[in-house]
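K.L.:
Dropping a prediction and its sequence here:
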Amino acid sequence: MRTGKGLLLPTASLLTIAATITTPAPADQPIVTSDLLNIRTVSGLDVAQNDRVAVAAVESIAETNANDANDPPDYSYHHHLYALDLTGENAPPRRLTHGDRRDRSPAISPDGRTVAFLRRGESGSADADGKGRPQVWLLPLDGGEARQVTNFEHGAKSPQWCPTGRAILTRSALPTDEIARLNPGSDDLDGDGERDDESIRRVPPWSLERPGREWFDVDENAEPRPDGSRAEIRAWLEQNSRDADPVVITGVTFHRESSLRTELTYDQLFLIDLERTESGLVAADDPAPITAAFHDHRHATFSPDSRHVYFTARTSEDEHLDRVERSDLWRIDRDGSNPRRMLMLEDWSISRPRPSRDGSLIAFTASDVEEPNFRQRRLGIISADGEALDEDGDQVVWLTDDAFDRPVRRFVWRPARTEILFTSADRGAFPLYRTSPGLLEPDRLVDRRHDFAVGVHELAAGSGTVVYT
């Protein structure tokens with residue numbers, strides 16, 4: 001069936017609101033190759049807590065030289081933001097951004113008035129495609145110009161609103177030498193639950209694994225000379241490597257799908273304090289680093305009371321971090337202090353922590369690193385205070401186990417309930433399930449539409465509404 005351009009948010013009982021972005025297609029016309037240009041894919045989704053609007057990032061393919069009849073067609077991917085009115089029936093989506101844009105990862109402010117998102121190509125150092133790296137921007141939903149609030153050399157990732165609406169949490173991947181210069185006073189590299197002093201923090205605690213070399217062992221006072229002393233030769237080689245001539249690879253896992261990982265970088269957390277002006281929210285100051293550890297801080301999210309930040313991390317005291325597969329669940333205070341390992345499961349990689357609406361529980365997914373191709377990604381919950389959740393004294397309650405032989409993909413807490421909605425692959429489809437500690441097994445909510453198997457790929461929840469694509 002030919003449908004032209006389409007973004008579909010189907011309905012399921014009272015769980016979702018439907019909206020469609022379409023262009024009419026001639027009836028009874030066969031599919032042709034150029035119809036591929038009409039494909040629209042939702043690559044990000046968020047719902048306002050007042051349940052009045054959702055914002056979707058939509059990927060499309062555009063012809064970049066349509067006005068030049070002498071050259072063959074050339075195409076590029078665009079990403080734009082659309083607002084979906086959830087208060088009116090069949091309200092048409094409203095396009096928020098236009099032109100040659102790459103706008104992704106929308107996140108609506110707690111008051112529903114502003115959307116934070118990532119825009120690529122405007123600033124920051126160039127990436128492999130020659131484009132500027134993504135930065136965090138703010139856009140008023142009631143009209144107005146977008147404003148850039150970060151200008152990280154290495155780009156920004158995954159903006160997350162503080163529940164107060166007065167700050168945004170984001171990540172930036174920094175190389176080891178830049179991390180060594182940060183000093184927020186918040187890191188616990190040795191895992192003893194206390195802050196480490198600057199001498200520990202300045203170099204990774206694990207070996208570089210380069211025979212005869214140590215971290216940052218180039219003499220900064222040596223003159224770079226190819227025929228000088230050992231210190232001068234090292235300084236000359238270091239100078240060349242900064243210009244990628246030659247490229248020096250220090251990681252153990254350096255081969256990516258289409259490129260090489262030439263530099264060790266680790267995601268650090270930054271807090272952007274905001275203030276409201278007559279024209280909308282703006283950054284009150286430069287983004288402040290709240291972590292400076294030689295490991296990633298991934299899947300970061302605020303606690304509902306804004307006091308803490310949860311994240312996952314692979315840490316090591318002696319083994320090269322690239323050799324560590326297990327990741328743990330951590331918590332820090334909003335300013336980066338008082339690090340605490342919330343959960344460590346031997347031979348398991350924990351990801352995507354999400355606190356419940358009241359903050360009493362934390363849901364997460366986890367994969368068995370010993371058998372990654374056999375064991376499916378599970379969904380579990382723990383108490384936010386670390387107490388046991390069942391009569392056997394277990395800290396973790398698994399909501400899916402080996403009997404549910406499908407990997408958990410995306411999940412959200414269901415509004416006003418202790419239920420979790422999640423998606424999982426099943427024989428070519430991606431049904432929507434619900435589960436809770438009181439259910440014996442996950443229950444399917446959405447698996448077919450008009451007698452066709454459905455694929456639920458994006459999922460977001462407000463205070464009383466769930467929207468999915």
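P.N.:
Noted; the coordinates are in hand. The shown structure was predicted, so the numbers you read here are calculated from the model rather than taken from an experiment. Numbering: from 1, shown residues only.

K.L.:
What is the strand ranked longest in the chain packed up against?
P.N.:
Once the chain is assigned using DSSP state E, the strand that runs over the most residues is strand 265-277. Strand 265-277 is packed against strand 167-175, helix 176-181, strand 280-283, strand 288-289, with contacts defined by 3 or more C-beta pairs under 8 Å, 6 or more residues apart in numbering; DSSP states H and E. Heads up, the C-betas are built off the backbone N, CA and C, glycines and all.

K.L.:
can you pull the contacts of the residue nearest in space to the middle of the chain?
P.N.:
Nearest to the geometric centre of the chain sits Ser158, at 4.4 Å (C-alpha atoms, centre = their mean). Contact partners of Ser158, counting by C-beta atoms under 8 Å, 6 or more residues apart in numbering, are 105, 118, 170-171, 300.

K.L.:
For Asp333, which of the helices and strands packed on strand 265-277 is the nearest?
P.N.:
strand 167-175 (12.6 Å; C-beta to C-beta).

K.L.:
what is the orientation angle of that closest one with strand 265-277?
P.N.:
Angle, strand 167-175 to strand 265-277, by axes from the mean of the first three to the mean of the last three C-alpha atoms, to 10 degrees: 150 degrees.

K.L.:
Only the C-alpha atoms, please, for strand 167-175, written as CSV.
P.N.:
This file holds the C-alpha atoms of strand 167-175, laid out as CSV (Å, rounded to 0.1, in the frame of the first residue of the first chain):
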residue,chain,number,x,y,z
ALA,A,167,18.6,23.6,34.6
ILE,A,168,19.5,21.0,31.9
LEU,A,169,21.8,18.1,32.2
THR,A,170,23.9,17.1,29.2
ARG,A,171,26.9,15.0,28.3
SER,A,172,30.1,15.7,26.3
ALA,A,173,32.7,13.1,25.3
LEU,A,174,36.1,14.5,26.5
PRO,A,175,39.6,13.1,25.7
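
K.L.:
got the buried residues for that strand?
P.N.:
167-174 (16 or more other C-beta atoms under 10 Å).

K.L.:
helices or strands up against it?
P.N.:
Using 3+ C-beta pairs under 8 Å, 6+ apart, strand 167-175 sits against strand 157-161, strand 265-277, strand 298-302.

K.L.:
Turn those into TSV, columns for mean pLDDT and distance to Asp46.
P.N.:
Output for the helices and strands packed on strand 167-175, formatted as TSV (pLDDT from 0 to 100; distance: least, C-beta to C-beta, whole Å):
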stretch	mean pLDDT	distance to Asp46
strand 157-161	96	9
strand 265-277	94	17
strand 298-302	97	13
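
K.L.:
would JSON lines of the ones you listed with distance to Arg202 be doable?
P.N.:
What follows is the helices and strands packed on strand 167-175, written out as JSON lines (distance: least, C-beta to C-beta, whole Å):
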{"stretch": "strand 157-161", "distance to Arg202": "25"}
{"stretch": "strand 265-277", "distance to Arg202": "14"}
{"stretch": "strand 298-302", "distance to Arg202": "23"}
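
K.L.:
Pro211: which of those is closest?
P.N.:
Going by C-beta to C-beta, the one of the helices and strands packed on strand 167-175 nearest Pro211 is strand 265-277, 23.1 Å.

K.L.:
Output the closest one as PDB - backbone C-alpha positions only.
P.N.:
Taking C-alpha atoms only, strand 265-277 is exported to PDB below (Å, rounded to 0.1, in the frame of the first residue of the first chain):
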ATOM      1  CA  THR A 265      37.100   9.800  25.200                       C
ATOM      2  CA  TYR A 266      34.700   9.500  28.000                       C
ATOM      3  CA  ASP A 267      31.200  11.100  28.500                       C
ATOM      4  CA  GLN A 268      31.200  13.700  31.300                       C
ATOM      5  CA  LEU A 269      28.200  15.400  32.800                       C
ATOM      6  CA  PHE A 270      27.600  19.100  32.600                       C
ATOM      7  CA  LEU A 271      24.800  21.200  34.200                       C
ATOM      8  CA  ILE A 272      23.400  24.300  32.400                       C
ATOM      9  CA  ASP A 273      21.700  26.700  34.700                       C
ATOM     10  CA  LEU A 274      18.900  28.700  33.100                       C
ATOM     11  CA  GLU A 275      17.100  31.900  33.600                       C
ATOM     12  CA  ARG A 276      13.900  33.300  32.100                       C
ATOM     13  CA  THR A 277      14.000  36.500  30.200                       C
END
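
K.L.:
Strand 298-302 and that one, what's the angle between them?
P.N.:
Interaxial angle, strand 265-277 versus strand 298-302 (the same axes, to 10 degrees): 30 degrees.
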